[in-house]
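> heads up, no residue letters with this:
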């Protein structure tokens, strides 16, 4: 046997050997991705956790590797609790609104969209979902700006007093649409709506239509069929969708910066702490809040069977 | 499930109204990119022009940002394609202890808010004493792109018949030949679909990037800087349309690439 054939046979023998030894093959395949995730991702999360116990020296504005619980105590200051509450109520109301608006759209897609409409609706939801996040947020600042489209329509329709009354309501209003809570709520709902529609649509598709027909045959009114048959069966889809709407709102910091009144969100707080001040330990302690809240939410979602609907 | 009944009028209005709502901001930003007005977002529009597109490409900072974004997305997608395919190939068949945990770990970077990934990476880079640069951006992007490739490829692997691979080996092909002649052609379109999606995800990413970019400016970061202190509004609009196109065209491509793949060669019905 010459050297050349021995060389070409080597990979062949090796691959045959791997094919016969499944576990070794598996291990070789898994090692690179696991190393990457172990070092880059889990390693980073671990670094974050450690730094949340570090000391930030207010005078020299530097991070000292001395362990302290001060950052976590700081979370319970009234101003910081306000931030958590503000973020939580926005995430919850956005989720509820997205579910209410997404459900009928998803229902129509699953039950009535046939032929060309099927592909059309799927693409029509998928496209805005994937379209650039930052551009969508920017576009809303243009739409809601004073002198922009919405104000122009309101003016033409003679609804200016109505919108002014709306903006005067505390917790909803603000100076203008683009600096109001209402505006921020609208932008959040818009951006995460497709993430709600698709899981609901998938879960309604899986419901046997005979169940709905049977319910009607047995004398249920449409509203009864909805509350006792359709809604319980579609709930995992709604919860699955709310994982996205809730978690993504909870950790966002771009939209609160661009739209709405001043008043920090968890995301903007983390961003300011690490950026302008350089207080990574406090920023790290603050990210533990969404991790815990989202962790609890995911456990709740799993109990409700939402993971099967994903 | 479908019914032959006609849909209630109100439901139809909500459904189509919802779709219009979803596309409205996209249409608006495209409209404004061709607006002649220079300073504000006033409505109705003033006139139609292509001028701002030419002006945008004359700006050195914009061209640099585009090039950086393309380089980051290409590198992050390449790394994610290798890692994601390996993970999918390893996990699609065998059930073993810890498999669910590994899957969860791949999903975490996109399930947890980007700000957590961002701050975590930043704190790790700071601890390690690394300068923030091109590679720190790529490290973050590749991490959340893996799951996109992984999901696409593993779905295809599950539908690919194991018989094909065994037949290939029985007929005397070795593992490498089987990979190039059987496995790769089978997963090619799903790999490509995952690749374009990952590319779009990386090209548009802003939240993680704000933390890992340091002095570097990707196109979305350039855009965000413009928004916080508004100037050059028309050029900003043009860049917005370019970013939008860079994310919407890949999703259409991915959709058509994975169309009609429910029946795969060699799958026994």
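Okay, I see it. As the structure is a prediction and not an experimental result, all values here were calculated from the model.
> pLDDT score assigned to residue B:200?
Per-residue pLDDT puts residue B:200 at 91.
> From what I see, it and residue B:246 are in contact.
Yes. Residue B:200 is within contact range of residue B:246, at 6.7 Å (criterion: C-beta atoms under 8 Å). Any C-beta I mention is one placed from the backbone N, CA and C, and that applies to glycine too.
> neighbour-wise, which of the two wins?
residue B:200 (25 against 21; other C-beta atoms under 10 Å in any protein chain shown).
> tell me which element that one falls in.
If you go by DSSP states H and E, residue B:200 is part of helix B:184-204.
> Any residue of that helix touching chain A?
Yes. Contact of helix B:184-204 with chain A (C-beta under 8 Å from any C-beta of the partner chain) involves B:197, B:200, B:204.
> what about the nearest residue to the second one once chain neighbours are set aside, is that helix, strand or coil?
This points to residue B:200. In space, and not counting its chain neighbours, residue B:200 is closest to residue B:250: 3.9 Å by C-beta to C-beta, 6 or more residues apart in numbering or on different chains. Following DSSP: H, G, I helix; E, B strand; the rest coil, residue B:250 is assigned to helix.
> And residue B:250, how close does it get to residue A:221?
46 Å (C-beta to C-beta, to the nearest Å).
> need the longest helix for the chain.
Here I'm looking at chain A. Counting by DSSP state H, the longest helix found in chain A is helix A:78-111.
> oops, I was thinking of chain B
helix B:60-91.
> Pull out the buried positions in that helix.
B:62, B:65-66, B:68-70, B:72-73, B:75-91 (16 or more other C-beta atoms under 10 Å in any protein chain shown).
> Name the residues of stretch B:188-201 that are buried.
B:189-201.
> Give me the distance from that stretch to the chain's centre.
Stretch B:188-201 sits 8 Å away from the centroid of its parent chain (C-alpha atoms, centre = their mean, to the nearest Å).
> And the residue of the stretch 151-269 of chain B closest to chain A?
Here the stretch 151-269 of chain B gets closest to chain A at one residue, residue B:175, 2.7 Å apart by C-beta to the nearest C-beta.
> List the contacts of that residue.
A:12, A:14-16, A:18-19, B:169 (C-beta atoms under 8 Å, 6 or more residues apart in numbering or on different chains).
> Need the buried ones from these selected in ChimeraX.
Remark: buried members of the contacts of residue B:175, expressed as a ChimeraX selection using 16+ other C-beta under 10 Å:
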select /A:15 /B:169
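> gap between the closest residue to chain A within the stretch 51-200 of chain B and residue A:111?
Nearest residue of the stretch 51-200 of chain B to chain A, counting by C-beta to the nearest C-beta: residue B:113, 2.0 Å away. Counting by C-beta to C-beta, the separation of residue B:113 from residue A:111 is 33 Å.
> Neighbour count: those two, which is higher?
When residue B:113 and residue A:111 are compared for neighbours, residue B:113 comes out ahead with 24 against 21, by other C-beta under 10 Å.
> Give me the number of neighbouring residues for the closest residue to the more buried one other than its chain neighbours.
Ranked by C-beta to C-beta, 6+ apart and with sequence neighbours excluded, the top spatial neighbour of residue B:113 is residue A:251, at 2.0 Å. Residue A:251 has 27 neighbours, counted by other C-beta under 10 Å.
> What values do phi and psi take at residue A:172?
Backbone torsions for residue A:172, taken as degrees, to the nearest 10, come to phi -110, psi -40.
> isn't it right up against residue A:181?
Yes. With contact defined as C-beta under 8 Å, residue A:172 and residue A:181 form a contacting pair (5.5 Å).
> so where is the chain shaky, pLDDT-wise?
Using chain A here. For chain A, the stretches with pLDDT under 70 are A:1-8, A:19-20, A:308-310.
> nope, chain B please
Counting by pLDDT under 70, the ranges of chain B that qualify are B:1-5, B:39-44, B:230, B:260-269.
> Next, the contact list for the residue nearest the centre of it, please.
In chain B, the centroid-proximal residue (C-alpha atoms, centre = their mean) is residue B:201; its distance is 2.6 Å. Residue B:201 sits next to B:141, B:144-145, B:148 when contact means C-beta under 8 Å, 6+ apart.
> for residue A:175, same thing?
Contacts for residue A:175 (C-beta under 8 Å, 6+ apart) come out as A:167, A:261.
> Check the gap between the residue minimising distance to the centre of chain A and residue A:164 for me.
Closest residue to the average C-alpha location of chain A: residue A:248 at 2.3 Å, with C-alpha atoms, centre = their mean. Here residue A:248 is placed at a distance of 32 Å from residue A:164 (C-beta to C-beta).
> Next, the contact list for whichever residue of chain A sits closest to chain B, please.
As assessed by C-beta to the nearest C-beta, chain B sits closest to residue A:251 within chain A, at 2.0 Å. Contacts for residue A:251 (C-beta under 8 Å, 6+ apart) come out as A:266-267, A:290, A:294, B:112-116.
> Okay, buried residues for stretch B:203-215 please.
Neighbour-count burial for stretch B:203-215 [16+ other C-beta under 10 Å]: B:203-213.
> Off-centre distance for that stretch?
Taking mean C-alpha positions (C-alpha atoms, centre = their mean), stretch B:203-215 and its chain are 14 Å apart.
> neighbouring contacts of that stretch?
Stretch B:203-215 is contacted by residues A:132-134, A:252-254, A:271, A:274, B:69-70, B:72-73, B:113-115, B:117-119, B:121-122, B:125, B:131-133, B:136-137, B:139-141, B:144, B:218-221, B:223-224, B:243, B:246-247 when judged by C-beta under 8 Å, 6+ apart.
> Likewise for stretch B:105-119?
Against stretch B:105-119 from outside (C-beta under 8 Å, 6+ apart): A:33, A:37, A:41-42, A:44-45, A:48, A:243, A:247-248, A:250-253, A:267, A:270-271, A:274, A:280, A:283-284, A:287, A:290-291, A:294, A:298, B:87, B:140, B:143-144, B:146-147, B:150, B:205, B:207-212.
> Same check on stretch B:78-86?
Stretch B:78-86 is contacted by residues A:29-30, A:32-33, A:36, B:138, B:142, B:145-150, B:153, B:187, B:191, B:194-195, B:198 when judged by C-beta under 8 Å, 6+ apart.
> Quick check: ChimeraX command selecting the buried ones in those.
Typed into ChimeraX, the line below selects the buried ones among these, using 16+ other C-beta under 10 Å:
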select /A:29,30,33,36 /B:138,142,145,146,147,148,149,150,153,187,191,194,195,198
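> Just the ones in helices from the contacts of stretch B:78-86, please.
Within the contacts of stretch B:78-86, residues falling in helices by DSSP H are A:29-30, A:32-33, A:36, B:138, B:142, B:145-150, B:153, B:187, B:191, B:194-195, B:198.
> Now do the phi/psi pair for residue A:57.
phi -90, psi 120.
> I'd assumed residue A:64 was in contact with it.
Yes. Assessed by C-beta under 8 Å, residue A:57 is found in contact with residue A:64 at 5.5 Å.
> what is in contact with the two at once?
Listed contacts common to residue A:57 and residue A:64 are nil; contacts here mean C-beta under 8 Å, 6+ apart.
> Can you tell me which of the residues of helix B:184-204 next to chain A is nearest residue B:21?
Nearest to residue B:21, judged by C-beta to C-beta, of the residues of helix B:184-204 next to chain A is residue B:204 at 21.0 Å.
> and the gap between that closest one and residue B:251?
Distance of residue B:204 to residue B:251, given as C-beta to C-beta: 11 Å.
> Give me the buried stretch members for stretch A:206-215, please.
In stretch A:206-215, counting by 16+ other C-beta under 10 Å, buried: A:207, A:212, A:215.
> same question but for stretch A:289-307, I mixed them up
If you call a residue buried by 16+ other C-beta under 10 Å, then stretch A:289-307 has these buried ones: A:289-291, A:293-294, A:297-298, A:301, A:304, A:306.
> Counting neighbours, what do you get for residue 247?
With no chain named, the answer covers chain A. By other C-beta under 10 Å, the residues close to residue A:247 number 23.
> should've been chain B
Number of residues near residue B:247 (other C-beta under 10 Å) recorded here: 23.
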